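K.L.:
pasting a predicted model and its sequence here:
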Amino acid sequence: MNAPTLQDIQQAADKIKGKVIRTPLVEAWDISREIGCKLHLKLENFQLTHAFKVRGNLNKITSLQGKCKNGVITASTGNHGQGLALAAAMHNIPVKIVVPECSPQTKRDAIIGYGAELIVHGSDYQSASEYAHELAQREERIYVHSFDDPEIMAGQGTIALEILEDLPNVEVILAPIGGGGLIGGLLIAIKELRPEIKVIGVQTTAFPSMAESRKKGKCTSVPEGKTIADGVAVRQPGELPVNIVIKYIDDIWLVEEDLIRKAMKMLINKMKIIIEPAGAVTLAGILKHQNELTGKTVAAIVSGGNADASLLKEII
């Protein structure tokens with residue numbers, strides 16, 4: 001399995017054009033004044049399914065037309081499952097989604113709402129993934145990996161093309177890292193087109209799997225942690241994304257839970273937008289490292305907005 005190329009990402013952009021929302025890239029004026037950089041937010045919380053994942057899934061499902069008579073299956077903490085459920089529904093393909101027990105009810109309800117069969121299994125993503133692979137083999141379904149898949153990564157990489165078109169003078173781009181599908185596609189597009197732009201990934205201190213993999217130079221698993229950012233709670237990143245990250249990334253920042261909460265509250269109060277914790281980790285990273293970004297033109301990806309109402313109430 002080879003990593004996607006820049007051409008793959010550009011072709012993915014053509015394939016999904018008109019099927020997904022070209023999300024806004026807005027300058028966060030109030031936050032910019034407070035932290036000292038020119039901050040722009042790529043609002044993927046306004047995407048279909050309220051998360052970026054539908055981009056990769058539509059690109060993947062398009063390539064599977066006529067090849068999956070028994071349907072598809074995946075494991076997900078929620079957003080990938082929603083993206084695959086919607087993409088499969090658009091193409092009349094049966095789909096099963098396995099989610100761990102930590103997956104928020106909001107995301108489970110949405111998956112069912114898109115017409116997928118939902119299965120809850122295991123305490124974390126790794127456990128759900130192992131069970132989904134078992135079902136895929138037993139039922140002869142095609143397993144659609146949430147991040148370790150070149151077509152998924154190519155679809156996620158289309159975000160980078162939009163950022164470059166909308167903000168050509170960008171100097172630093174930040175993206176959350178879970179399994180690595182988003183950062184992998186982003187890195188290929190940015191470093192092939194504009195290698196001078198710094199790309200920084202952000203993870204939680206509870207799940208620093210990509211940071212550890214980069215440090216050790218190979219795909220590395222970390223112990224199960226505890227975080228409110230379920231969307232990036234991945235113990236082991238994908239082999240393909242790890243290789244891309246090692247080759248291209250400028251830095252990986254780790255953020256604590258209190259900073260994620262602070263970033264969520266800031267986005268709610270100052271930008272009037274609903275975000276999930278994983279969507280706020282990039283701003284959390286900026287708050288922790290703002291001295292390194294002073295005077296820079298920065299784009300941060302807000303990856304999703306699928307937060308439980310109870311969590312939002314607590315944050316506010």
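P.N.:
Sure thing, it's come through.
K.L.:
can you give me how far stretch 39-58 is from the chain middle?
P.N.:
On the basis of Cα atoms, centre = their mean, to the nearest Å, stretch 39-58 is displaced by 8 Å from the centre of the chain it belongs to.
K.L.:
again, but for stretch 266-282
P.N.:
Using Cα atoms, centre = their mean, the mean C-alpha position of stretch 266-282 is found 15 Å from that of the whole chain.
K.L.:
tell me the contacts of Ser63?
P.N.:
Contacts for Ser63 were tallied using Cβ atoms under 8 Å, 6 or more residues apart in numbering; they are Glu151. (C-beta placed from N, C-alpha, C; glycine too.)
K.L.:
equivalent analysis for Cys102, please.
P.N.:
Applying Cβ under 8 Å, 6+ apart to Cys102 gives the contacts Thr77, Ser123, Asp124, Asp230, Ala233.
K.L.:
quick one, what contacts the nearest residue to the first one once chain neighbours are set aside?
P.N.:
Spelled out, it's Thr77. Distance criterion Cβ to Cβ, 6 or more residues apart in numbering; nearest residue to Thr77, sequence neighbours excluded, is Asp230 at 4.8 Å. Counting by Cβ under 8 Å, 6+ apart, Asp230 makes contact with Thr77, Gly78, Cys102, Ser103, Pro104, Glu276, Pro277, Ala278.
K.L.:
from those, pick the one nearest Phe147.
P.N.:
Thr77 (11.3 Å; Cβ to Cβ).
K.L.:
break the protein down into its domains, please.
P.N.:
The chain breaks down into these domains under automatic domain parsing: 6-51+149-315, 53-143.
K.L.:
state the mean pLDDT of the last one.
P.N.:
Read it as domain 53-143. Looking at domain 53-143 alone, the average pLDDT works out to 92.
K.L.:
next, the distance between the ends of that domain.
P.N.:
With Cα to Cα, to the nearest Å as the measure, domain 53-143 spans 16 Å from end to end.
K.L.:
so how far is that domain from its chain's centroid?
P.N.:
15 Å.
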